[in-house]
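# after the sequence you'll find the predicted model.
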Amino acid sequence: MTKFKFNKAERLKSEKTIGRMFKEGHSFGVYPLRLVWLKVEEPRSDSPVQFTVSVGKKNFKSAVARNRIKRKVREAWRLDKSRLYKKLEGADGQLAFMVLYTAKEDLPYQDIEKAMKTVIHIFIKKNMPPANKRRENVPPLS
RNA sequence: ACUGCAGGCUACUCCAUCGCCUGGCCCCAAUCCCCUGAAGGGGGAGAAGGGGUUCGGGAGGAAAGUCCGGACAACGCAGAGCGCCACACCACCUAACGGGUGGGGUUCCGGUGUAAUACCGGGAUACAGAGCGUGUCACAGAAAAUUACCGCCUUCGGGUAAGGGUGAAAACGUGCGGUAAGAGCGCACGGCGUCCCCGGGUAACCGGGGAGGCGGAUAAACCUUGUGGGUUGAAAUGCCACGUACAUCCCGAUUCCGGCGGCGGGCCAUCCGUGGCCCAAAGCCGGAGCAAUGUUGCUCGCACUGUUGGCGGCCCCUGGGCGGCCAGUCGGGAGGGGUAGGCAGCUAGAGUUUGGCCGUGAGGCCAUCCCCAGAUAAAUGAUGGAGAUCCCGACUUGUCGGGAUUACAGAAUCCGGCUUAUUGGCUUGCAGUGUUU
RNA sequence: GGUCGGUUGGCCGAGUGGCUAGGCAGAGGUCUGCAAAACCUCGUACAGCGGUUCGACUCCGCUACCGACCU
């Protein structure tokens, strides 16, 4: 039951962490999304991942439109994150995730959900090869 | 019924699944307290957190712009003056307002109608003062405000605003008289200010009469008059936690007087007990000065804070004067550093529903009912399915098929307004046109 | 959340209510064998909408956009 929830512990709120993500973190894009992520050594909560969304004011001037897109992206994350959580079981540290919405128009939910699934898939494929050798394949922080 | 104008109301509904924020209740539970005690047992409280087939609530008419007005909070005073800002026909409403309601003036439009005034309906209106002062008034024009030039007249001293046709604006307009030529110089009609009287109206103002007049515009130019405003704003403010650093540098003040007090000293008198006079430390009290603050514009007032101690030098001379340094305290400033978490403020209020009464109305009074968002990288969503409404097409005229549910837009301390954005529907008032009775 | 400031040609920038300076860039010309430089000429602007005024870049409202500050 708990796998579809989205609590406060799972939200990324620290301004410092977000600042570090853009300096030191890694990123890749899957239209219309772009993931920025960083491994945090001292977890702020007991959740394996802290997640947040960003929609630029440049692309969407209306606050209503920005809020709607953020809700859709959060919904997609909420429904698909369990796949990643399963892979992360037993790992120490915490991951900070930020998803940027890069499209210029408000896309329907199905498109966003599809992109989110791809994002999670690529992340697992790149950084989480099965079992024991996981730690070595995580790229070092620059 | 249609059209036009001016308003008002509303902001799709329901079901299922998965979620978000928030308040209550229940469960788990680290821990703490009490009783008894050898362990242990019993009872109670229970932060943060987790959970629940649990019970409630969860965006707007503009939540927006931040243009006004308040509540509330801080600044030692809600003190003074200056400055600054705002407002400006009258009355009322209101907690207050630059808002609203009603009325007045001015002006525009439409209709009816006239020789013309007029009447009806609707709109707009930052609408105090230009017979205080200062400034500005391009081009054109003789001249843009106290005045010249041309012209006209002349007794050659001068008089004269009729003419000069340009302009947004130029000496009340037209006619007659009058004159050397002219001029409100006089008269008739008309227009516009000032003052007084009468009538109506709470008043603005309107109507009538009289006196004395008529030398431009601009105050959303300075300004004058009147009225109001102390300033700053929830990133206010208070508390807790964490963290540097009661750290560094620069500047300023740290002076004097009086009273009480009497350590101690000097002089005089002496019946040797003491008495009188003078100087006078510590401490206490009061005052002046200085520094700084001066309610986050300037100045001032009152209040408040600091004004303590040590060490040398020079001069006269044995008690003072002058001038320094150091530390402390207080005040001002500079650069730099740390934190950017939590709680309160924070949602029961000029509140909401319904009804009655008063008022032309804005609104007021009374009763009744309800509790109705409090997030903070910032909650109210996603998916699916019905219904309802609207649009398009087809024809069997009430069915089918397709599409849309949209616009503007997301609370951030809270209210009252204003302004701006905006889809569709419903509805009220007024005017006009047409039809029927 | 609050408090302020700004918007003038393609770019930078001045402007007292009376025809919007100047520079860079662009176009044409003179000069040159050709260019550069220099000189001459030209085009293109007051963010938008209302109001005050005879007249508005300027004064006053509203709107849009850009920017600064606060602890």
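Everything's here; your move.
# going by C-alpha atoms from here, please, whenever you check contacts or count neighbours.
Fine.
# and chain A, which of its residues are near RNA strand B?
Taking C-alpha under 7 Å from any atom of the strand as the measure of proximity, chain A contacts RNA strand B at A:1-9, A:11-16, A:18-19, A:52-53, A:62-64, A:67-68, A:71-72, A:75, A:78-79, A:108-110.
# check these for burial and list the buried ones.
Applying 16 or more other C-alpha atoms under 10 Å to the residues of chain A next to RNA strand B, the neighbour count classes A:6, A:11-12, A:18, A:52-53, A:72, A:75, A:78-79 as buried.
# need phi/psi at the residue of chain A found nearest RNA strand B.
Residue nearest to RNA strand B within chain A: residue A:15 (3.1 Å; C-alpha to the nearest atom of the strand). Main-chain torsions, residue A:15, degrees, to the nearest 10: phi -60, psi -40.
# for residue A:33, what are its contacts?
Contact analysis of residue A:33 by C-alpha atoms under 8 Å, 6 or more residues apart in numbering lists A:99-103, A:112, A:115-116.
# please disregard the earlier target; I meant residue A:115.
Residues in contact with residue A:115 (C-alpha under 8 Å, 6+ apart) are A:30-33.
# restricted to strands, list those residues.
In strands, defined here by DSSP state E, the members of those are A:30, A:33.
# nearest spatial neighbour of residue A:104, chain-adjacent residues omitted?
Nearest residue to residue A:104, sequence neighbours excluded (C-alpha to C-alpha, 6 or more residues apart in numbering): residue A:59, at 5.5 Å.
# over to residue A:6?
Using C-alpha to C-alpha, 6+ apart and skipping the chain neighbours, the partner closest in space to residue A:6 is residue A:78 (6.2 Å).
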